[in-house]
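can't give you the sequence, but here's the structure:
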């Protein structure tokens, strides 16, 4: 009798949770981000690559707003988290893969679509790993290159290409190699700074504010160049950070071996 009562209470609890529905506002931003990703795919099929790249950039902005909106309004939910991950896979996994293939990789035949598929698959794996590692790893770092950052590297390069006078397709082996490298960086264990420990609501040194203003001025003056520079720099910052730590660790080991008289 007690077991039956327990099952009834559980079923009632689940039904009550379903009756509560979902939070509308943050999920609207997620839906808008998903729409931008879908529009990017359509634009790529229509060979409007510049619009496809800008749509991915817009999807990034909307993706950043939905999480912040949910936290500000205290409307975070498990549903929103899962919906956001599915949206990210479309906007930052499928859309960039389709853009890269239609813009640059289709002349390479099977190697072209394999590189695009690898990017999309590694992006899906990156999202799945991120979801299960929440609360496990330090929130100040990302384990592997975030999928939105990988997508923006490609999108910003497409924008830079047209800004510098390019037109139509861009068939070059560097895009194929770049897609593979970005895919491997996403599923790697290389650490990237997450910027989550920055607090903009506390007092900062005056020069910090001046530096932010200067960066914004440069971005506004030449957005096509600076956005690609920043995103590409972020993509290589992880391997460089790892390399610096390895060199430092090796230096410390050598110093310790010299002090003890034993070889490193």
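Structure's in. What do you need? What you see is a predicted model, and the numbers here were worked out from it, not measured in a lab.

in the protein, which spans are helices?
Using DSSP state H, the helices of the chain run over 2-20, 24-45, 49-72, 78-89, 95-100, 110-132, 147-163, 173-187, 206-221, 223-260.

Reformat the ones you listed into a markdown table and put mean pLDDT next to each item.
Formatted as a markdown table, the helices of the chain follow (pLDDT from 0 to 100):
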| stretch | mean pLDDT |
| --- | --- |
| helix 2-20 | 52 |
| helix 24-45 | 92 |
| helix 49-72 | 88 |
| helix 78-89 | 89 |
| helix 95-100 | 96 |
| helix 110-132 | 93 |
| helix 147-163 | 94 |
| helix 173-187 | 94 |
| helix 206-221 | 77 |
| helix 223-260 | 83 |
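
Mean neighbour count, these: which tops it?
helix 95-100 (a mean of 27; mean count of other C-beta atoms under 10 Å). (Each C-beta comes from the backbone N, C-alpha and C, glycine too.)

what residues does that helix touch?
Here helix 95-100 makes contact (C-beta atoms under 8 Å, 6 or more residues apart in numbering) with 37-38, 40-41, 44-45, 49, 52-53, 55-56, 59, 115-117, 119-120, 123, 150-151, 154-155, 158, 175, 179.

Now distance to residue 141 too, for the helices of the chain, in TSV please.
Putting the helices of the chain into TSV (distance: least, C-beta to C-beta, whole Å) gives the following:
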stretch	distance to residue 141
helix 2-20	33
helix 24-45	24
helix 49-72	18
helix 78-89	19
helix 95-100	23
helix 110-132	12
helix 147-163	13
helix 173-187	14
helix 206-221	21
helix 223-260	9
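
closest to residue 140 out of those helices?
Nearest of these to residue 140, taken as C-beta to C-beta: helix 223-260 at 12.5 Å.

Which residues does stretch 157-170 contact?
With C-beta under 8 Å, 6+ apart, stretch 157-170 has contacts from 47, 49-50, 52-54, 57, 99, 103-104, 107, 178, 224-225, 227-228, 232.
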